[in-house]
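>>> model this:
(chains A and B)
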Amino acid sequence: MVRVRFAPSPTGNLHIGGGRTALFNWLFSQSNKGKFILRIEDTDQERSKKEFVDEILYSLKWLGFNWDEIYYQSQRFETYRKYADNLLKSGLAYIEKSPEGKEAIIYKVPAKKINIRDLIRGEIEFDSSLIKDQVLIKSDGTPTYNFACVIDDAEMEISHIIRGDDHISNTPKQVLLYEALGFKIPFFAHLPLIMGIDGGRLSKRTGATAISDYRKNGYLSEALLNYLLLLSWSPGGNREIIGIEEAVKLFDIKTVNKTSATFDLKKLDWINNQYLKNADPEKLADELIPLLEDKKLITKEKFDRGNLLDLVKLFQARLPRLNDFVDWADFFFLDEPVMDEAAVKKYLDADNPLLSKAFGLFVQSLDNLEEYEIANIESAFRQLVADLGMEAKQLIHPIRVALTGKTIGPGLFEVIYYLGKERSKKRLLKWVR
RNA sequence: GACCCUGUCGUCUAGCCUGGUCCAGGACAAGAGCUUUUCAAGCUCUCGACACGGGUUCAAAUCCCGUCAGGGUCACCA
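Presented below is the predicted three-dimensional model:
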């Protein structure tokens, strides 16, 4: 039975690196029909916070990782103590007194060669004579990381330990403890680290690192997962877009790369857009509603869901992040569009009589339409442009800016249609002298 | 400093195990163009890498050795 665990320490949010470790553990458990266990490593009573536990659990759920069992190390202190006492009795550990008279339990590290077989890296050899004696129970009575970790992994019958590269040098210390305690040694797989763009560890300086920040910024969990998957693993066949169900089928821990990967926000944006394009508009609308309320663009009582769905369909193919909708589509919700000054300067010369005339005539032709629909709006526009002897784009850009305040956006005739006749007219008339 | 891990386009990677099909393939980014309606959308094209040096071999990105570079760890933090 495959049993893996993800063991975060609640001294901060779940970050990208932790999310990736959780992903690979979860994937491995799913593809082997095993169990995914969550263990909260809250032995540091100073730095561990309940709010971080909540945040971590929330983020894991958002990513779609459901755990089969959950444990808290802070509830298992007697267990660690019991094993430490055993080691004391068997003479493998000793007591050290601090100047204040407090006692810590220390493991006497024997000198020997330790071989670790890593599923990703192959054999790694260590010489334990280079490792100093290890504290098991600190003088405040709490266990150290390496000690609690080994006892828990053994008691929880973890079969495969999949964790970050930064734990490689902890492994020989832990293997020694497995042997001293008479536990069976599990399989190890050390994942390469994710680096920031500056080459060092991923940090706040190099971009948001908390998983929850990505959710807040409009990334879909499917997209984040897909991106994280591609960091140090490849499904082969030049595939870039791969869903989690398929990944479960194709994943093999032995094919994970050994090299650390640099986190690239641009590629994440691209993947996010790929998912946004194909996402269910209903689902996107649900996520957008609170954001739009937040920006006071809509209110609970007064908004048309059908209309919002139309707008989502109009924009979803071109959004890198869902949140961009709020800025890009604001003109649909506001009484007056927020004007981009540079765009106004470039396209809406108030002293241009031709522009004023064209706008006036276009407003008339909107009024004369039998049916206010996209195709009719376009043909009326084409007719007008032909009559005036203008190029279409000479008028399209100014109209877009007048209606939306921006130079970018969906096709103009869709904009005019969804904005509605009255509002379109009103915004155009503003520029008619 | 010691120990450990790693080294293919700017970035993520395929290929490496089982040498020849690789003067190295794909994706993101960047640049150019097309789409005569913009664009962060779409399409086309371009730029761009086997860290270096030695071996082994008829033949090396692929095997071996060394060098260099990057990263990680050396806590009564986890």
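>>> low-confidence ranges, chain A, go.
Along chain A, the parts satisfying pLDDT under 70 run over A:350.
>>> please enumerate the strands of it.
Assigned strands in chain A, in chain order: A:3-6, A:35-40, A:69-72, A:93-97, A:103-107, A:113-118, A:122-127, A:134-137, A:160-164, A:187-191, A:194-195, A:261-262 (criterion: DSSP state E).
>>> mean neighbour count, these: which tops it?
The highest average neighbour count among the strands of chain A, using mean count of other CB atoms under 10 Å, belongs to strand A:3-6 at a mean of 24. Quick note: C-beta positions are derived from backbone N, CA and C, even for glycine.
>>> chain center to it: distance?
The chain centroid and the centroid of strand A:3-6 are separated by 21 Å, computed with CA atoms, centre = their mean, to the nearest Å.
>>> picking up where we left off before, possible to save the strands of chain A as JSON lines with distance to A:Phe333?
Converted to JSON lines, those look like this (distance: least, CB to CB, whole Å):
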{"stretch": "strand A:3-6", "distance to A:Phe333": "41"}
{"stretch": "strand A:35-40", "distance to A:Phe333": "41"}
{"stretch": "strand A:69-72", "distance to A:Phe333": "43"}
{"stretch": "strand A:93-97", "distance to A:Phe333": "67"}
{"stretch": "strand A:103-107", "distance to A:Phe333": "63"}
{"stretch": "strand A:113-118", "distance to A:Phe333": "55"}
{"stretch": "strand A:122-127", "distance to A:Phe333": "58"}
{"stretch": "strand A:134-137", "distance to A:Phe333": "60"}
{"stretch": "strand A:160-164", "distance to A:Phe333": "44"}
{"stretch": "strand A:187-191", "distance to A:Phe333": "44"}
{"stretch": "strand A:194-195", "distance to A:Phe333": "38"}
{"stretch": "strand A:261-262", "distance to A:Phe333": "39"}
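>>> so which of those strands is nearest A:Phe359?
Evaluated over those, closeness to A:Phe359 peaks at strand A:261-262, with 50.1 Å, by CB to CB.
>>> wait, A:Arg215 sits on A:Leu60?
No: counting by CB atoms under 8 Å, A:Arg215 does not reach A:Leu60; the two are 12.0 Å apart.
>>> more crowded one of these two?
Taking other CB atoms under 10 Å, A:Arg215 and A:Leu60 do not tie; A:Leu60 has more neighbours (23 against 18).
>>> was I right about A:Tyr58 contacting A:Ser212?
Yes: using CB under 8 Å, A:Tyr58 is in contact with A:Ser212, at 7.1 Å.
>>> run through the bridge partners of the nearest residue to A:Glu157 once chain neighbours are set aside.
Among residues not flanking A:Glu157 along the chain, A:Arg3 sits closest, at 5.5 Å (CB to CB, 6 or more residues apart in numbering). A:Arg3 has these beta-bridge partners by DSSP bridges: A:Lys35.
>>> A:Arg3: what's it in contact with?
The neighbours of A:Arg3, taking CB atoms under 8 Å, 6 or more residues apart in numbering as the test, are A:29, A:34-35, A:37, A:156-160.
>>> near RNA strand B, which residues of the stretch 151-300 of chain A are found?
Residues of the stretch 151-300 of chain A found near RNA strand B (CB under 7 Å from any atom of the strand) are A:165-170, A:192-193, A:195, A:199-201, A:230-234, A:236, A:238, A:240, A:255, A:257-262, A:264, A:266-267, A:269-270, A:273, A:277.
>>> hmm, back to that, which of the contacts of A:Arg3 sits closest to A:Glu422?
Of all the contacts of A:Arg3, A:Glu422 sits closest to A:Ser29, with 57.4 Å by CB to CB.
>>> give me the neighbour count for the closest one.
Neighbour tally, A:Ser29, other CB under 10 Å: 25.
>>> not counting its neighbours along the chain, what's nearest it?
Leaving aside its sequence neighbours, A:Ser29 sits nearest to A:Phe36 (CB to CB, 6+ apart; 4.1 Å).
>>> for A:Ile161, see how far away that neighbour is.
13 Å (CB to CB, to the nearest Å).
>>> over to A:Arg117?
12 Å.
>>> which residues are common contacts for these two?
Contacts common to A:Arg117 and A:Ile161, judged by CB under 8 Å, 6+ apart, are A:187-188.
>>> now do the helices in the stretch 1-150 of chain A.
Using DSSP state H, counting those that start in this stretch, the helices of the stretch 1-150 of chain A run over A:16-31, A:50-63, A:77-89, A:145-155.
>>> okay if I get the ones you listed as CSV plus distance to A:Lys138?
What follows is those, written out as CSV (distance: least, CB to CB, whole Å):
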stretch, distance to A:Lys138
helix A:16-31, 24
helix A:50-63, 21
helix A:77-89, 11
helix A:145-155, 10
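>>> of all those helices, which one is nearest A:Lys425?
With respect to A:Lys425, and counting by CB to CB, the nearest of those is helix A:50-63 at 44.0 Å.
>>> which parts of that closest one are buried?
Neighbour-count burial for helix A:50-63 flags A:52-53, A:55-57, A:59-60, A:62-63 (criterion: 16 or more other CB atoms under 10 Å).
>>> what do you get for stretch A:203-213?
The neighbour-count check on stretch A:203-213 (16+ other CB under 10 Å) flags A:206-213 as buried.
>>> what's in contact with it?
So stretch A:203-213 is contacted by A:13-19, A:55, A:58-59, A:62-63, A:196-198, A:200, A:202, A:214, A:217, A:224, A:263, A:265 (CB under 8 Å, 6+ apart).
>>> mind redoing it with 7 Å?
Under the contact criterion CB atoms under 7 Å, 6 or more residues apart in numbering, stretch A:203-213 has outside partners A:13-16, A:19, A:55, A:59, A:63, A:196-198, A:202, A:214, A:217, A:263, A:265.
>>> can you tell me the distance between the two ends of it?
13 Å (CA to CA, to the nearest Å).
>>> stretch A:258-265 now?
OK, stretch A:258-265 end separation, CA to CA: 21 Å.
>>> buried residues, that stretch. List them.
Those would be A:260-261, A:263, for stretch A:258-265 by 16+ other CB under 10 Å.
>>> closest to RNA strand B among those residues?
A:Ala261 (3.5 Å; CB to the nearest atom of the strand).
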